[in-house]
Every structure is written in C-alpha cells, then in structure tokens.
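Q: let's see this in three dimensions:
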Amino acid sequence: MSTSSQTLQDEASVDEFFNVVATETLALFEYLEFEFLYEFDVFAPSKRGRTREHQPPELFRGFLHCYYSDIYGIRPVTRELQNTLVWLSCGFDSPPSRDTVDRFLTDLEHVIDEVFDWLVEQAAGRGLLDATYRIDSTDVRAMPSDPDASKCYDSTADEYYYGYGCTIVSTGQKIPIAAEFTESKQASEETAMRVTRDALAVATPIWMVGDSAYDTLDWHDHLLAAGVVPVAPYNPRNTDDPKDIEYRVEDRIEEHADDVQLKQSILDETYDRRSQVERTNDAVKDCGLGRTHARGRVHARAQVYLALCLRLVVAIANYERGDNPGSTIITL
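A: Residues are numbered from 1 along each chain as shown. Model prediction:
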C-alpha cells in the first residue's frame, strides 16, 4: 500500500479506507467528539491573523493515540504522526510538523485539567461511577535530569528516585474522577481536601475510603456534612490519648449523631474495597502516568493529566463497545 495520502485518495475514499482497516485508534475515538476544545480561548487563532494548520481535536486524538501506544515526547509523537494510517485515523488532512505538535501541547497545558473534567462528565453520564469513592496518592517517576523533580524514597523497593506525585480519587471500574499533581507522592492535607471536594462535585457517593493518611478531623467532618461516610483506619499516633476504635468515623458519629450507628463489620467490608484504588493507579500508569518523559513540572503535569484522560477514553470506548470498562486495552 502506498504511504502517500494522494495515492490513498486515488485508490479509494477515506471512508472506504476506514471501513477496510479496523484499528484500535479508530475504536478509541469512535464514541467521543473533541470539538469542545474550540471553546477554550487558548486555542483561538492568533491575534496577528494566523490560522491553525491543524485543529485541536485532531491533535488531541494524536496525543491520545501515541500515549496508548507508549509513545511520549515531542519528537517521538511527531514521528508517529507521520505514519499515514495514524494521521488519517486521528482526523488529520496531512501530518503535523514538530512545531505544530509542540505548540499544541504548550497550549493544552493551560487547560488539561478542564479537559480531564469534561471526560469525567462523559464517564458519569454513562453510569460508570458507583457509590464508593477511593482516594490515594501514587508516585510519578521522572528523569534524574529533571530540575523540578523531588528526590523521593520508595520504602517498598528500598530505593531513592526522582519524581512527583498524583493524588487520585477513583470509583467504578478503575475510573479516575478527581486528581491533583503534587511535588511528591506524600500529599498534604490541603491537597486531600481539595481533591475530595472536586470528587464530590461530580456526584455524591455513599462511602469514601482512604488509608490512615486520611485520618484527619477536617476530612471526616467535611464528608459527613456532605452525607458521605468516610472510612479510614484510626491512627493512634495522631494523639497522646488514643481511642479504642478502628476507624475515625466511629468517634465522629458517636460525637455528632446520636441516631446513627455503623457496624464495624460493615466498615471492615467497605475498607477491604480500598485496594481498587491501587488497581486504578496501575491502570493509569499503563496509560502513561508512571514515568514522565518530559523535563520540568509544567510538562510533567500535562503528561500526568493526559494519562488520566486516556484512561477515561479507554474506559468509555470499552463500555460503548460492550466490553469491560476496567480493561486498559481495546480488543478488536
């Protein structure tokens, strides 16, 4: 088959070409339209009158395709988008230049969290959320040459590494619904509260589960005030006078709600579902969150959110195709 678009157009129409060649890339974008990107001012034409040779939707599809294929970085992405089948599948009329790819990513960095929020809404509208939210932080490895990366310690592997962190709230079948990029894996209480509020803005669950790092009064009281039951193990090291309880919520309910009771067996059963957030973290890492291939905090943050976006796109595509939304691959 010829690699030129002209030859392809001579042999058959693009529509016929797509009917013959079924690719994961086409399946990835079959059920989502990305024209909403035009609503962002950052993608408006230049004030000097220069129009865009390539448009935001096709470039966003191009980056998602590359991340799905484990291709990162401006040069590798540009090189991949020179492939005729790839740029046609992503909606391009012609392959983009390196400058075009670089400029789009720079613009996208300003609104990538809002793009993520839009995709969360698409997942919620399809019923992919459930009544249990889970919150956790994970590491994001970076290149040692990254000047903004923090030196961190991984106690599990007993090793130091350079990187960042990401606090994620997930639900359903490995669906991230709120996230924040952080300087290191250990997130602050302020970050936990901010991500929790973002998650509750999507929908109100029945339960929210976290490990003992979330054993704080503000986190528990905020959730209880919202009608959500927080489930995090009580950490006796947080006080000089430890209580005889397993979960902080036991004390909060006893103190503030005389007519509410929770059996510890129910709390235990709910907390046992916390491991789902670790599977979500692994799923998002499969989509590119695990290791950044960019230098600097701004570029690393964009890559993390692109990975989160890809995870949502894959889940939605699998759901619409009648496959498992929890899978990180699309089966043709």
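Q: which helix runs longest in the protein?
A: Assignment by DSSP state H gives helix 297-320 as the longest helix of the chain.
Q: and that one, what does it pack against?
A: Applying 3 or more CB pairs under 8 Å, 6 or more residues apart in numbering; DSSP states H and E, one finds that helix 297-320 contacts helix 24-29, helix 56-68, helix 98-108, helix 112-125, strand 159-171, strand 175-182, helix 275-284. (C-beta placed from N, C-alpha, C; glycine too.)
Q: ok, now with 6 Å
A: On a contact count with 3 or more CB pairs under 6 Å, 6 or more residues apart in numbering; DSSP states H and E, helix 297-320 meets helix 56-68, helix 112-125, strand 175-182, helix 275-284.
Q: quick one: work out the angle between it and helix 112-125.
A: Counting by axes from the mean of the first three to the mean of the last three CA atoms, to 10 degrees, helix 297-320 points 20 degrees away from the direction of helix 112-125.
Q: ok, and for helix 297-320, which residues are buried?
A: 297, 299-319 (16 or more other CB atoms under 10 Å).
Q: then stretch 265-282?
A: Leu267, Thr270, Tyr271, Arg274, Gln276, Val277, Thr280, Asn281.
Q: pull up the distance across that stretch, start to finish.
A: 28 Å (CA to CA, to the nearest Å).
Q: could I get stretch 159-166 in CSV with only the CA atoms?
A: C-alpha atoms of stretch 159-166 as CSV (Å, rounded to 0.1, in the frame of the first residue of the first chain):
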residue,chain,number,x,y,z
GLU,A,159,15.4,2.9,46.8
TYR,A,160,15.5,6.6,46.1
TYR,A,161,14.1,8.1,42.9
TYR,A,162,13.4,11.4,41.3
GLY,A,163,9.8,12.3,40.6
TYR,A,164,6.5,13.8,41.6
GLY,A,165,3.2,12.5,42.9
CYS,A,166,-0.5,12.4,42.0
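Q: residues in contact with it?
A: Taking contacts as CB atoms under 6 Å, 6 or more residues apart in numbering, the residues outside stretch 159-166 that touch it are 137-142, 144, 149, 151-153, 179, 181-182, 184-185, 300, 304.
Q: try it again with 8 Å
A: The contact list for stretch 159-166, computed with CB atoms under 8 Å, 6 or more residues apart in numbering, reads 137-144, 146, 149-154, 179-187, 289, 292, 297, 300-301, 304.
Q: which of the residues you listed are buried?
A: Buried members of these, scored by 16+ other CB under 10 Å, are 137-142, 146, 149-150, 152, 179-185, 187, 289, 292, 297, 300-301, 304.
Q: the domain parsing of the protein - what is it?
A: With automatic domain parsing as the criterion, the domains of the chain are listed as 5-108, 129-295.
Q: give me the number of residues near Val77?
A: Using other CB atoms under 10 Å, Val77 is surrounded by 23 other residues.
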